[in-house]
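> My questions are about this predicted structure, shown below with the sequence.
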Amino acid sequence: MSAPETKGKIFDGKVLRRILKQVAPYRRRFLWTGVLVVLLAGLSWVRPYLIRVALDDHIAVGDGPGLLRIFLMVVGLIVVEALLQFWQTYWANWVAQSVTLDLRAALFRHVTRFRLKYFDQTPVGQLVTRHISDIDGIADVFSNGLLNAVGDILRLVVVIGAMLWIDPVLTIIVLLPIPVLLVATRIFQKAIKTAFVSVRNEVARINVFVQEHVTGMNIIQAFGREAAEREKFAVHNAAHRAANIRSIWAFSIFFPVVEMLSATSVALLLWLGVDGVANGDLTLGVVLQFILYVFMLYRPIRQLADRFNVLQMGIVNANRVFHLLDLDERMPEPSGASAPSNSEPLKGHIVFEDVWFAYTDEDWVLKGVSFEVQAGQRVAFVGATGAGKSSIINLLSRLYEFQKGRITIDGDDIRTIPLDRLRASIGVVLQDVFLFTGSLKDNITLYDPNIPHERVEEAVDAVGVRDLVDQLPGGLAYDVKERGVMLSTGQRQLIAFVRAYAQQPGILILDEATSSIDPESEQLIQAATERLTQGRTSVLVAHRLSTIRDADRILCLDAGEVVEQGTHDELLAAKGAYHRLFELQFDA
């Protein structure tokens, strides 16, 4: 599921064109930035020219006032260049950050619509890398890559043009090392391309490793695996260093080559220049002007290598981000023609008709499951671990797509019901409760503006956690921190019940919701469950059979099949699978 690691093209024009499309909303400021780049490049020849005039026309003849005029012109030129450079840098970075904002928002919006199967198969650290460092690399294309590279190229053209205008023969001789430089640059490009892909791969691997191990730190410490995991991290860290050293090696060779060729050009210039001055063919001002032009010539070439690195890294990053944006892992939405016109909340008449489901290939988790739940009924599912209980509720919320059969709610095929309407009608309390960083109230409402504060207060009272909320500093404004670590497992479970109550869903799903609750809290939950399930369809996945005695119907699953169903008393009297589960819990 990860993005392909590009190792073919040194410069992928198709990806670059797609990067440039991201700047469309900001094209006016981007174009003005380009104009400033052109102006700066166009002024690059002026300063050496003024220095030549100062030397030949004023210093040589002792013209103090004329020299002062040239000095003031140079100062004015420096001020103008500084102002142009400021606005060019500011606008380029403004555009880069705006593109980053849009692209990161689009990527997050796209990924949040993916089906859960994708997240089951993709490391979290990899997705974090795509959203943060990869998109930052794309921003560098605009802030320090593309326009600056264009400016460097224009500066080269202007400088070489000025040199040819002054003395074509001397210019050609000075440029003799350039073909060698072009060959060296081509070799450098190939080497740095491979090195950068390797660096990005290692960064992604480190992100995955760190995210996974920080999340599972309690397991690492509980089993005394700190030393072993440090050794594993050392391997990833060393691989990352090696990848960076390979890129540094390429730089370490390329830049000395550029300096050596630059020195060769200056040596040729001095050799010919001294002879020309002695013969009267050249002036000292022209020689000095040429020396300055040579330095100006090789500086953009060195910078072009850096710009190319930024562009190369940006293209590698963009290729990975665009690959993720191009993935269609969304749950299929119904078309306008097939979607039911009714937008009212679902009442909860649920029918499974010969449903088959597998998480991978044909490793069936559910095998021909059929049952019906009338609107307003309380139906419970029991069975051993892996029997398929949680898979049923996952299909009901369309978190996964089943392969065979049919599921209907209120007579409509579940695949024709818009996801927003379907999930807005279902309230879920899972066994593993996830709380986000933020206040207790925000975790209850999930930032839904349609849930008023009064309903939150009502939910707190209905579930019976008023004492818990009042004991917390700030009450509903209490910051639960990342993953709700400031609350116990039982407290998080109770908050999940408050969350479900506040949503007032038409269908309620409780997935082993009391498995982590102590006996005292279980009494609170049972009372709240009675109120919460009254008048609405309720699907309960039970671990403690004592919590489902009053269910209208109990379905017992074994190896993905419904083996029996009925009321609590009926199933006990049948002496079947449910009776065996009940006896096991009673004996325990």
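Cool, got the structure.
> any idea which element L555 lies in?
Here L555, judged by DSSP states H and E, is contained in strand 553-558.
> Tell me where the model's unsure across the stretch 351-500 of the chain.
Residue ranges of the stretch 351-500 of the chain with pLDDT under 70: 483.
> all strands for it, in order.
For the stretch 351-500 of the chain, the strands defined by DSSP state E, counting those that start in this stretch cover 364-373, 378-383, 404-409, 412-413, 426-429.
> could you dump the ones you listed to JSON lines with mean neighbour count and distance to P332?
Using the backbone N, CA and C atoms, a C-beta is placed for each residue, glycine as well. Listed next are the strands of the stretch 351-500 of the chain as JSON lines, based on neighbours: other CB atoms under 10 Å; distance: least, CB to CB, whole Å:
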{"stretch": "strand 364-373", "mean neighbour count": "18", "distance to P332": "20"}
{"stretch": "strand 378-383", "mean neighbour count": "23", "distance to P332": "26"}
{"stretch": "strand 404-409", "mean neighbour count": "18", "distance to P332": "14"}
{"stretch": "strand 412-413", "mean neighbour count": "16", "distance to P332": "12"}
{"stretch": "strand 426-429", "mean neighbour count": "23", "distance to P332": "18"}
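> Identify the residues contacting the most centrally placed residue in the chain.
Within the chain, one residue has its C-alpha closest to the average C-alpha position: by CA atoms, centre = their mean, that is H131, at 1.7 Å. By CB atoms under 8 Å, 6 or more residues apart in numbering, H131 lies in contact with R104, L107, F108, V111.
> contacting residues for the third one?
When contacts are counted by CB under 8 Å, 6+ apart, F108 is found next to H131.
> Quick check: the gap between H131 and T112.
With distances taken as CB to CB, to the nearest Å, H131 is found 11 Å from T112.
> Now do the end-to-end distance for stretch 43-60.
Between the opening and closing residues of stretch 43-60 we find a distance of 26 Å, counting by CA to CA, to the nearest Å.
> what comes up buried for that stretch?
Along stretch 43-60, the positions that meet the burial threshold by neighbour count (16 or more other CB atoms under 10 Å) are 44-48, 50-56, 58-59.
> Rebuild the strands of the stretch 351-500 of the chain as JSON lines, extending it with distance to S265.
Below are those laid out as JSON lines (distance: least, CB to CB, whole Å):
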{"stretch": "strand 364-373", "distance to S265": "72"}
{"stretch": "strand 378-383", "distance to S265": "81"}
{"stretch": "strand 404-409", "distance to S265": "74"}
{"stretch": "strand 412-413", "distance to S265": "76"}
{"stretch": "strand 426-429", "distance to S265": "72"}
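> Could you name the stretch from these that's closest to I291?
When these are compared by CB to CB, strand 426-429 sits nearest I291, at 74.7 Å.
> quick one: strands adjacent to the closest one?
Strands flanking strand 426-429 in the sheet, each with its direction: strand 507-511 (parallel) (DSSP bridges).
> pLDDT averaged over the strand it pairs with, what's the number?
This predicted structure assigns strand 507-511 an average pLDDT of 85.
> Name the residues that touch that strand?
The list of residues contacting strand 507-511 from outside it, by CB under 8 Å, 6+ apart, reads 346, 348, 350, 389-390, 393, 396-397, 409, 425-431, 500, 529, 532-533, 536-541.
> buried ones in it?
Residues of strand 507-511 classed as buried under the neighbour-count rule (16+ other CB under 10 Å) are I507, L508, I509, L510, D511.
> Go ahead and list the helix or strand containing H213.
Judged by DSSP H and E, H213 forms part of helix 178-215.
> Enumerate the positions of that helix that are buried.
Within helix 178-215, the residues scored as buried using 16+ other CB under 10 Å are 178, 181, 184-185, 188-189, 191-193, 195-209, 211, 213.
> Could you pull up the mean pLDDT of the very next helix or strand once past that helix?
Later in the chain than helix 178-215, the nearest helix or strand by DSSP H and E is helix 217-222. Taken as a whole, helix 217-222 has a mean pLDDT of 76.
> How about stretch 233-248?
For stretch 233-248, mean pLDDT rounds to 86.
> Output it in CSV with nothing but the alpha carbons.
As requested, the backbone C-alpha atoms of stretch 233-248 are provided in CSV (Å, rounded to 0.1, in the frame of the first residue of the first chain):
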residue,chain,number,x,y,z
PHE,A,233,16.3,1.0,16.6
ALA,A,234,20.1,1.3,16.3
VAL,A,235,19.8,-0.8,13.1
HIS,A,236,17.3,1.6,11.6
ASN,A,237,19.2,4.6,12.8
ALA,A,238,22.5,3.3,11.2
ALA,A,239,20.7,2.7,7.9
HIS,A,240,19.4,6.3,8.0
ARG,A,241,22.9,7.6,8.7
ALA,A,242,24.4,5.5,5.9
ALA,A,243,21.8,6.8,3.4
ASN,A,244,22.6,10.4,4.4
ILE,A,245,26.4,9.7,4.1
ARG,A,246,25.9,8.5,0.6
SER,A,247,24.3,11.8,-0.4
ILE,A,248,27.0,13.7,1.5
